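Asks: what follows is a predicted protein model with its sequence.
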Amino acid sequence: MSDNALSLLRAIAWLPTSSPALSAPLLDWLLEEDSMTKRFERHCQKVTVEPQFEGFVSADAIAEELPFLPLEPRYWLREIILSGDGVPWLAGRTVVPASTLDGPEMMLSQLGTRPLGRYLFSSSTLTRDFIDPGVAAALWGRRSRLRLSGKPLLLTELFLPAAPLYQSLPGEPSE
Ligand SMILES: C=C(O[C@@H]1C=C(C(=O)O)C=C[C@H]1O)C(=O)O
């Protein structure tokens with residue numbers, strides 16, 4: 001399941017926010033500026049994160065993200081499945097240039113089962129450059145470039161069929 005979700009995440013087709021396929025209720029989720037973890041917590045008792053991969057990779061392992069990040073010898077890659085009350089709701093892929101890890105941001109490479117959002121949204125230096133919506137196999141997704149103390153990281157999220165996002169939309173994806 002997680003391999004398929006993370007493969008689909010890498011196949012997301014990106015859309016302009018003006019796309020007629022993006023209804024207002026959908027954009028309300030996809031353009032969420034605050035923590036998605038916190039928003040999910042409004043729809044369940046417990047949000048949990050299961051890392052599927054965490055480690056340093058070279059630029060050729062992050063081809064999709066490279067146009068949005070500085071070219072460096074290595075990047076920290078984190079891939080996770082986030083669940084609400086044990087049901088998979090989101091696949092997440094975060095790419096952090098090694099230079100972003102200098103200083104307190106080293107914490108990004110030590111998250112384990114702690115949701116990335118808890119760290120990001122506790123920082124007073126967090127900024128967001130953009131959010132792009134997208135779709136893959138009838139599942140909605142988004143990618144964001146975020147910065148901590150001006151240093152970039154790229155986060156891609158794919159909302160899985162059971163995610164609460166789909167409850168607010170007419171018609172739901174097939175299970
Ligand atoms: C970025 C956030 O953290 C969530 C948790 C992630 C993780 O632990 O890797 C990845 C994607 C997010 O949905 C957030 O809460 O907005």
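Replies: Ah, there it is.
Asks: the protein: strands as residue ranges?
Replies: 13-14, 47-57, 75-84, 87-97, 126-136, 139-148, 151-159 (DSSP state E).
Asks: any idea which of those gets closest to the ligand?
Replies: The ligand lies closest, by C-beta to the nearest ligand atom, to one member of these: strand 87-97, at 3.1 Å. No exception for glycine: its C-beta is placed from N, CA and C like everyone else's.
Asks: tell me how many other residues crowd the one residue in the chain that gets nearest to the ligand.
Replies: Here the residue of the chain nearest the ligand is residue 117; by C-beta to the nearest ligand atom that distance is 2.0 Å. Residue 117 is flanked by 21 other residues according to other C-beta atoms under 10 Å.
Asks: is it correct that it is in contact with residue 35?
Replies: Yes. Counting by C-beta atoms under 8 Å, residue 35 is a contact partner of residue 117 at 3.9 Å.
Asks: who in the chain is up against the ligand?
Replies: 35-37, 49, 78, 80, 82, 90, 92, 94, 115-117, 120, 155, 157 (C-beta under 6 Å from any ligand atom).
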